[in-house]
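S.K.: need a structure here:
(one chain, ligands or ions: 2)
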Amino acid sequence: MIRLQQIDKYFGDSHVLKGVDLTLTEGSVTALIGPSGSGKSTLLRCVNLLEWPQSGSLQIGEESLTFGTDPKQQRQAAQRLRRLTGMVFQNFQLFPHLTVVANVMEGLITVLKWDKERAHARAMELLSKVGMAHKAEVWPATLSGGQQQRVAIARALAPSPKVLLCDEPTSALDPELAVEVVDVLKQLAKEGTTMLMATHDLKLAASTAHQVVFLEHGSIVESGEARQVFTQPRHPRTRDYVSTLA
Ligand code: ADP
Ligand code: MG
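M.R.: Ligands and ions are numbered 1, 2, ... in the order given. You can find the predicted model right below:
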């Protein structure tokens, strides 16, 4: 289980996350929706500690961390927590100087200190899962956006994170290429991968998410079971947002 409690994040004077509480149950998919600038990316970045909130707490499985204390004293907890998350970015962010398979092996070797054989076997397993094993030896730049994103998903999953964080995973892709990424995410959802996914794509959200969280101006306006939030939103703001994208 992953739990964020009372997360506050400021950039200078700007209060970007305001007391956010969020619980993800193991094996479930949560879609984080909301207008641009509402704080979705920042919230994801707080879960993998690319951003450091000013207050609140984060728990992933057995590991937890309370913010607002000296980050130096929390370094080891932060390192352990970071290893429990995997992140997929809007723009793939593959390493251009590494082949596809080397991209997937990289974290296993440098962070987890796996030997090459073991890392290679694991990378090939993940590349097969996303339908990219046949491209293992090519450079990322030779792939389509949809293929690059599938490799990025394999890379994020390689160290078996407790939660896969996806930030607008399909929004840089043309619709026909987005489909292949959506199919992979749907398959992962079906297999019980715990995911937190920021997305504008309500079809993607509807086809994968169990829980939907609507964020606006850094606050959770509404959260609930996906079907309920989409078909019978309780809050007028959610109703407006969902209807504009329907
Ligand atoms: P979303 O992903 O929902 O579009 P973001 O989390 O990217 O929203 O941004 C939330 C708010 O935080 C925005 O007002 C944005 O301008 C601001 N913000 C995001 N990152 C930074 C940063 N590194 N420095 C200053 N402000 C930032
Ligand atoms: Mg964003």
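S.K.: Pull the number of nearby residues for Ala154.
M.R.: Number of residues near Ala154 (other CB atoms under 10 Å) recorded here: 28. C-beta: built from backbone N, CA, C; applies to glycine.
S.K.: residue boundaries of the helices in the protein?
M.R.: Listed in chain order, the helices found in the chain under DSSP state H are 40-47, 75-82, 100-110, 116-129, 145-157, 175-190, 202-208, 226-231, 236-245.
S.K.: Enumerate every residue touching Glu62.
M.R.: By CB atoms under 8 Å, 6 or more residues apart in numbering, the contact set of Glu62 is empty.
S.K.: For it, give me the pLDDT.
M.R.: At Glu62, the model reports a pLDDT of 92.
S.K.: distance of it from ligand 1?
M.R.: 28 Å (CB to the nearest ligand atom, to the nearest Å).
S.K.: which bits of the chain sit near ligand 1?
M.R.: Phe11, Ser14, Val16, Gly34, Ser36, Gly37, Ser38, Gly39, Lys40, Ser41, Thr42 (CB under 6 Å from any ligand atom).
S.K.: Quick one: residues contacting the last one.
M.R.: Okay, so that is Thr42. Lys9, Val16, Leu17, Glu51 are the contacts of Thr42 under CB under 8 Å, 6+ apart.
S.K.: Please verify my assumption that Ser64 contacts Gln74.
M.R.: No: between Ser64 and Gln74 there is no contact under CB atoms under 8 Å: 10.3 Å.
S.K.: List only buried entries from the residues of the chain next to ligand 1.
M.R.: Val16, Gly34, Ser38, Gly39, Lys40, Ser41, Thr42 (16 or more other CB atoms under 10 Å).
S.K.: Near ligand 2, which residues of this structure are found?
M.R.: Lys40, Ser41 (CB under 5 Å from the ion).
S.K.: so what pLDDT did the spatially most central residue of the chain get?
M.R.: Using CA atoms, centre = their mean, the residue of the chain that lies closest to the mean C-alpha position is Leu165, 1.2 Å off. At Leu165, the model reports a pLDDT of 98.
S.K.: And Pro71, by the same measure?
M.R.: For Pro71, pLDDT reads 71.
S.K.: Repeat that for Leu245.
M.R.: Looking at Leu245, the pLDDT reads 64.
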